[in-house]
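Chemist: With the sequence up front, the predicted model follows.
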Amino acid sequence: MHWLYRYASWKKTVLFLALNFALQAIILLIMYPKISATLEPLDVRVGLTATAIGDFLSAIGSDGRALYFFNESVPDMLFPPAYAVAYALLMAQLVRGCGQVQTPLRYLPLLPFAIALCDLLENLQILAAISSYPDVSDTLAQGLATANLAKHIFTALVLSALGVLLFWLACSRLWRVRTSY
C-alpha cells in the first residue's frame with residue numbers, strides 16, 4: 001500500500017485523469033453513437049437479462065456488433081486500468097490531505113481497482129455474448145449482469161468516498177484557516 005502513496009502526486013493524478021477522460025470521450029462520444037444512436041449500450045445498463053442482452057445485440061445489427069466488439073476489446077479494455085490508477089491516485093492524495101494515511105482509510109484507494117476488475121470481467125462477458133450471439137446462455141447473461149451490478153455498486157462507493165474525502169478536506173482547511181486568526 002505504501003507504494004501507492006510514494007507514487008502519488010497531484011501531477012500524476014492530473015495526467016491519469018486526463019488519460020481517463022480522453023478514453024471516456026472516445027467511448028462515449030465516438031464509439032457508442034456509432035454502435036447505436038438511440039440505445040444505451042450494455043455497459044451502462046443495470047439489471048441485465050438474457051432477453052435484454054439478446055434484444056440489444058439484435059437491434060444493433062451485425063455492423064453494430066462488430067463495432068461493439070472492437071470497442072469492448074480495445075478502448076474499453078484500456079479504460080478500466082486508466083481510471084483505476086487515476087482515481088486511486090486521487091483518493092491517495094485526498095487521504096493524505098486529510099491526514100489519514102496511518103488509519104484504515106489508507107486502503108480506500110484500492111476501491112477503484114475493484115471497479116476496474118468488475119469492468120474488465122463485464123467487458124470479457126460482453127465479448128463472449130457478442131461472439132455467441134444469437135445463442136447467449138442464461139449463465140453468461142447472469143455473469144454479465146453480476147459483473148455489471150458489482151461495477152455500479154463499487155462506482156457508487158468510490159464516488160461516495162470521494163465526496164466524503166473532499167468534504168473532509170475542505171472542512172479541515174476551513175477549520176485551520178478559521179483557528180489561525
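Modeler: Everything's here; your move.

Chemist: can you map out the helices along the protein?
Modeler: For the chain, applying DSSP state H gives helices covering 2-7, 10-25, 32-35, 50-59, 61-73, 75-97, 111-132, 138-179.

Chemist: Let me see the contact set for G143.
Modeler: Residues in contact with G143 (CB atoms under 8 Å, 6 or more residues apart in numbering) are L121, Q125. From N, CA and C alone the C-beta is placed, and that goes for glycine too.

Chemist: count of neighbours near H152?
Modeler: If you count neighbours by other CB atoms under 10 Å, H152 ends up with 17.

Chemist: What sits closest to it if chain neighbours are left out?
Modeler: Nearest non-adjacent residue to H152, counting by CB to CB, 6 or more residues apart in numbering: V46, 5.6 Å away.

Chemist: I figured the one you found was touching A147, is that so?
Modeler: No. Between V46 and A147 there is no contact under CB atoms under 8 Å: 11.6 Å.

Chemist: residue ranges with poor pLDDT in this structure?
Modeler: In the prediction, the chain carries residues with pLDDT under 70 at positions 177-181.

Chemist: check contacts around the nearest residue to N71 once chain neighbours are set aside.
Modeler: Residue nearest to N71 in three dimensions, not counting chain neighbours: M31, with 4.4 Å by CB to CB, 6+ apart. Residues in contact with M31 (CB under 8 Å, 6+ apart) are L67, N71, P75.
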